[in-house]
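Undergrad: A structural model of the following input is requested.
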Amino acid sequence: MIRKYDVLDVFRLIAALFVVGIHSWPLPDLNSNIILFQGIGRFAVPFFLLTSGFLLHKKLKNLTNKEEVVYIWRYVKRLFQFYVAWWLVYLWLTPLKWGGTYRFEGQHGMQLLKSLFNQYILYFFTGSTFIGSWYISATIIGVIIVFVLFRRLSVLLQLLIGILWLGALLIVLLQGKKVAIITVFLSQTPQILPAETFLVAVPFIIFGRAIAKYEEKLSQIPITLLVSIVIVLIAVNKTVLNIKIPSARYIRNLASFVYMGQFGLLILASIVRKHVGIMFSNWTMYAIILLLLFLMFEILQSFENKRNFKLVKYLW
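TA: Numbering: from 1, shown residues only. The predicted model follows:
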């Protein structure tokens, strides 16, 4: 019997709502924003990556070697279609930074061409080609590394690599300014943002895969203990697996749309504040953005099966 992890889809939507909060700081109290969104909310992206590794491994479990390869590349293709769909939607957004300022100000000729090449192509591997895109490209590259390049390695060996990989990454992120060689390297490669590349994706995709591999043993852990450990394990617990959510697919698609759709609306809100002079609180902006995303998703979803609008399905 094929297991359905409906609760994972609910957590995905919750995580997406936290990501919107991380970028909009909606609460009036600074410390509350720091605790809720910059602290607790930071589980969101690692959770998405864990989920990708977990679900992909589950899909490959009963496939032959040849079928595995086909499915992995089909999965990567679908992710890339998702990326391209939002790349096209956000063509207008790419020249803008957070706050709506123009990123190519004062650039001309070869300098501008180089910047355009970096922004639209190179940053697929080293950061974001448009605001918010790093998560998709990081997942694509991470999946290729874990499920293609590491394919012949045992899950236990991959888990060891993931632990060492994450440890090295944390040293760079947390202690990089104190280590001369790391500081010099990062200063020479300003386009590389270690926290927003596949460098983050690889270990968490591996951890998700390991959870899938040892799901039967992990599912025996009492639910009360899981709450204090890690959220993705809750969804594979035997108690939680009995929960069936009829609208799980809708929630899953909505989570993807909310995650990516927020960035354009956040930039538009900054432009409205700066150039139109309409002032509103961050909480109001947060609420309006979520409302607009829900409405836009409902409208676009109604066109998904129409002959001339089938491409909208790649937005989630």
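Undergrad: would you list the phi and psi of Met97?
TA: I think there's a mix-up here, since residue 97 is Lys and not Met. Taking degrees, to the nearest 10, you get phi -100, psi 180 for the backbone angles of Lys97.
Undergrad: in space, what's closest to it - neighbours in sequence excluded?
TA: Take Lys97 and drop its neighbours on the chain: the residue closest to it by C-beta to C-beta, 6 or more residues apart in numbering is Arg103, 5.0 Å away. All C-beta spots, glycine's among them, are computed from the backbone N, C-alpha and C.
Undergrad: least confident secondary structure element in this protein?
TA: Least confident helix or strand, the chain: helix 223-227 with a mean of 51, by mean pLDDT, DSSP states H and E.
Undergrad: so what's the residue count around the residue nearest to Lys97?
TA: Summarising burial for Arg103: neighbours were counted as other C-beta atoms under 10 Å, giving 12.
Undergrad: which ones are touching it?
TA: Arg103 sits next to 95-97, 115, 119 when contact means C-beta atoms under 8 Å, 6 or more residues apart in numbering.
Undergrad: and it, how far is that from Leu88?
TA: 19 Å (C-beta to C-beta, to the nearest Å).
Undergrad: ditto for Ile14
TA: From Ile14 to Leu88 the distance is 28 Å (C-beta to C-beta).
Undergrad: ok so, going back, quick one: which two of the contacts of Arg103 are the most distant?
TA: Leu96 and Ser115 (13.5 Å; C-beta to C-beta).
Undergrad: which one's more surrounded, the two?
TA: Leu96 (20 against 14).
Undergrad: quick check: that one touching Tyr90?
TA: No: Leu96 is beyond contact range of Tyr90, at 9.4 Å (criterion: C-beta atoms under 8 Å).
Undergrad: which residues do these two both contact?
TA: Ile131.
Undergrad: contacts only, for Gly162.
TA: 202-204, 206-207, 210.
Undergrad: backbone phi and psi for it, please?
TA: Backbone torsions of Gly162, given as degrees, to the nearest 10, read phi -60, psi -40.
Undergrad: do Leu166 as well
TA: phi -60, psi -40.
Undergrad: that one: what's its closest spatial neighbour, skipping adjacent residues?
TA: Leu166 sits nearest to Pro203 (C-beta to C-beta, 6+ apart), 4.0 Å away.
Undergrad: the one you found: what's it in contact with?
TA: Pro203 neighbours (C-beta under 8 Å, 6+ apart): 162-163, 165-166, 169.
Undergrad: next one: Asn253
TA: Asn253 neighbours (C-beta under 8 Å, 6+ apart): 297, 301, 316.
Undergrad: list the buried residues for the one helix or strand the first one maps to?
TA: Pointing back at Phe297 there. Using DSSP states H and E, Phe297 falls within helix 282-302. The neighbour-count check on helix 282-302 (16 or more other C-beta atoms under 10 Å) flags 285-286, 289-290, 293, 297, 300-301 as buried.
Undergrad: average pLDDT for that helix?
TA: Helix 282-302 comes out with an average pLDDT of 93.
Undergrad: stretch 157-172 now?
TA: 91.
Undergrad: try stretch 73-91
TA: Mean pLDDT, computed over stretch 73-91, is 93.
Undergrad: just the CA trace of that stretch, in PDB.
TA: The C-alpha trace of stretch 73-91 is given here as PDB (Å, rounded to 0.1, in the frame of the first residue of the first chain):
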ATOM      1  CA  TRP A  73      15.500  13.000 -14.100                       C
ATOM      2  CA  ARG A  74      11.700  13.400 -14.500                       C
ATOM      3  CA  TYR A  75      11.600  14.900 -11.000                       C
ATOM      4  CA  VAL A  76      14.500  17.300 -11.800                       C
ATOM      5  CA  LYS A  77      12.700  18.300 -15.000                       C
ATOM      6  CA  ARG A  78       9.500  19.100 -13.100                       C
ATOM      7  CA  LEU A  79      11.500  21.200 -10.600                       C
ATOM      8  CA  PHE A  80      13.200  23.000 -13.500                       C
ATOM      9  CA  GLN A  81       9.900  23.700 -15.100                       C
ATOM     10  CA  PHE A  82       8.700  25.200 -11.800                       C
ATOM     11  CA  TYR A  83      11.900  27.400 -11.800                       C
ATOM     12  CA  VAL A  84      11.400  28.500 -15.400                       C
ATOM     13  CA  ALA A  85       7.800  29.400 -14.800                       C
ATOM     14  CA  TRP A  86       8.600  31.700 -12.000                       C
ATOM     15  CA  TRP A  87      11.700  33.000 -13.800                       C
ATOM     16  CA  LEU A  88       9.400  34.200 -16.600                       C
ATOM     17  CA  VAL A  89       6.800  35.600 -14.100                       C
ATOM     18  CA  TYR A  90       9.600  37.500 -12.400                       C
ATOM     19  CA  LEU A  91      11.500  38.900 -15.400                       C
END
